[in-house]
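[1] Give me a model of this one.
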Amino acid sequence: MHMDLLAVLAAETPAQVSPAWPLIILAVGIAVVVGMIVVLRVNAFLALITAAIVVSLLAPGAFAEKITRVAAAFGETAGKIGIVIALAAVIGKCLIDSGAADRIVRAFVNLLGEKRSVVSLMSSGFVLSIPVFFDTVFYLLLPLARSMHRRTGRSYLLLILAMGVGASITHSLVPPTPGPLLIAGTLGIDLGVMIVMGLACAIPTAVLIYFFVGWLSRRIDIPMRPLEGMGSEPPSLADERLPGLLASLAPILLPVLLIATHTVVTTLCKGIDVPPATSPADLGAGADVTRTIPFLKRCENVTAVFGNANLAMLLAAAVALYVLWRQRRPSRQELAGLVENSLMGAGVIILITSAGGAFGAMLKQAQIGEAIQTLMAGDGGAPLGGVQLLVMAFGVATLLKFAQGSSTVSMITTSGMIAALLGPEAQLGYHPVYLACAIGFGAQCLNWMNDSGFWIFAKMGGLTEVETLKTWTVTVSTMAVIGLLVTITLAKLLPLVQ
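    Modelled structure (predicted):
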């Protein structure tokens, strides 16, 4: 009996697992997270790590590795976002204390008028999230939203919702962000068509969701609160005491330009093969082997370093610290204290976000994605088409997003599944780019506690978990449904088929 138990615990393959078991694990994971955070009021980090361990223990795999893989997933997530979050906290504090954020907000207000402050933030997020990851865009624009609230008195919730949802839309629809780029490749969609039609679906969705966030923010009153570990925010200053506009924008524009440049160069380099090494005899006497490497490939080697988000944010932090020093002339002790307070607040966010990443990774280990695919694919009947397939693509992406937290993983998995269902002779009645858009919108729906974006919005925005569920989750899910309806409408009116 004892040996039989050990054999079960040490099982390494999922062959013995019932098809319903992954869905049971998903239900248990949800119950642990929601129960500990909402009912027991346990710290989010403890709740997420506990849920990750529980899910890992229930998931297939060697029993001896069930805890170590939780720590490995936690470390992997921290490795991806830890440096960026820490440096973003420093940049944000410097922008606020130096008056740079106030300067940018006043420039927006002077250019567009106070009534259009929400539009300016939403448009900024919409554009910046095409080449830059959502997390980075949110970090960079948040200090502007906080300053704009103090300056204009507009609803803080309205400002951060508009900013966040604007960035969220293009992140899942418009290349060169990885998700839509990979969907286009899987479904055989021309990259130019994906960009154009992604924008065609995103723009009307953004307009409609703008009115929704205005309606929602009038019904939920959430004040702007001091951020954890960030200290008090300075009062608004006279214009002559603020830094110049270019200096104020530099910490924001520098990482965006560096990251976007690398994204563009990488996109242009796709399909360019580096020639194999050859001997000087093959090239001619005195020939320089390096000249055989295409120019863009050499540029990519450079932009891969300077366009890396970690280095780009470090350079931006250095610029932000310089602007603060030049404007306020703090002592070394004051400057060190500012950085330390910023990093303390960032540490909490990194812990919670990484724990959320570990929870999502353990849900993947439980093979929940495969279980959902099996349920949605059925028994492999005739290929689907029309609106039915658009709705199905959206639904699968939504389920996968809800189950494991990553929009990119949801997009990649769903596009592979839909491509397999289509078959070579599938007659859709519209261009497959609309399937890509339906998948992209579905991958944003039901954004909740196993997604790092949820915790970034909650902790960086200063909201509680329940407030974030009522506002951010509802807004992004509504945006996704609106986007699906826009996609279906365009597929009917502009099918793009020969």
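
[2] CA atoms for contacts and neighbours, from now on please.
    OK.

[3] Give the rounded mean pLDDT of the one helix or strand Tyr139 maps to.
    Assessed by DSSP states H and E, Tyr139 sits inside helix 134-152. Model confidence over helix 134-152 averages 82 on the pLDDT scale.

[4] swap in stretch 470-485?
    On average, stretch 470-485 scores 96.

[5] Helix or strand with the lowest mean pLDDT in the chain?
    Of all helical and strand segments in the chain, the minimum by mean pLDDT, DSSP states H and E falls on helix 2-9, at a mean of 42.

[6] Can you verify my assumption that Ser98 contacts Gln327?
    Yes: Ser98 lies in contact with Gln327 (C-alpha atoms under 8 Å); the separation is 6.2 Å.

[7] residues contacting the residue nearest the centre of the chain?
    Central residue of the chain (C-alpha atoms, centre = their mean): Phe134, 4.1 Å from the mean position. Residues in contact with Phe134 (C-alpha atoms under 8 Å, 6 or more residues apart in numbering) are Ala167, Ser168, His171, Gly453.

[8] What of Ser217?
    Contacts of Ser217 (C-alpha under 8 Å, 6+ apart): Ser155, Leu157, Leu158.

[9] Just the C-alpha atoms of the helix or strand hosting Ala403, please, in PDB.
    Following DSSP H and E, one finds Ala403 within helix 386-404. Output of helix 386-404 as PDB, limited to C-alpha atoms (Å, rounded to 0.1, in the frame of the first residue of the first chain):
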ATOM      1  CA  GLY A 386     -18.900  32.400 -40.800                       C
ATOM      2  CA  VAL A 387     -19.800  34.100 -37.500                       C
ATOM      3  CA  GLN A 388     -19.800  30.800 -35.700                       C
ATOM      4  CA  LEU A 389     -16.100  30.400 -36.100                       C
ATOM      5  CA  LEU A 390     -15.400  34.000 -35.100                       C
ATOM      6  CA  VAL A 391     -17.400  33.500 -31.900                       C
ATOM      7  CA  MET A 392     -15.700  30.100 -31.300                       C
ATOM      8  CA  ALA A 393     -12.200  31.600 -31.700                       C
ATOM      9  CA  PHE A 394     -13.100  34.400 -29.300                       C
ATOM     10  CA  GLY A 395     -14.500  31.900 -26.800                       C
ATOM     11  CA  VAL A 396     -11.500  29.600 -26.800                       C
ATOM     12  CA  ALA A 397      -9.100  32.500 -26.400                       C
ATOM     13  CA  THR A 398     -11.200  33.800 -23.500                       C
ATOM     14  CA  LEU A 399     -11.200  30.500 -21.700                       C
ATOM     15  CA  LEU A 400      -7.500  30.000 -22.200                       C
ATOM     16  CA  LYS A 401      -6.900  33.600 -20.900                       C
ATOM     17  CA  PHE A 402      -9.000  33.000 -17.900                       C
ATOM     18  CA  ALA A 403      -7.400  29.700 -17.200                       C
ATOM     19  CA  GLN A 404      -3.700  30.600 -17.400                       C
END
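
[10] And it, what does it pack against?
    helix 332-365, helix 368-377, helix 407-422, helix 433-442, helix 474-493 (3 or more C-alpha pairs under 8 Å, 6 or more residues apart in numbering; DSSP states H and E).

[11] report the angle between the axes of the longest one and helix 407-422?
    Going back to what we said before, that points to helix 332-365. Using axes from the mean of the first three to the mean of the last three C-alpha atoms, to 10 degrees, one finds that helix 332-365 and helix 407-422 are set 30 degrees apart in direction.
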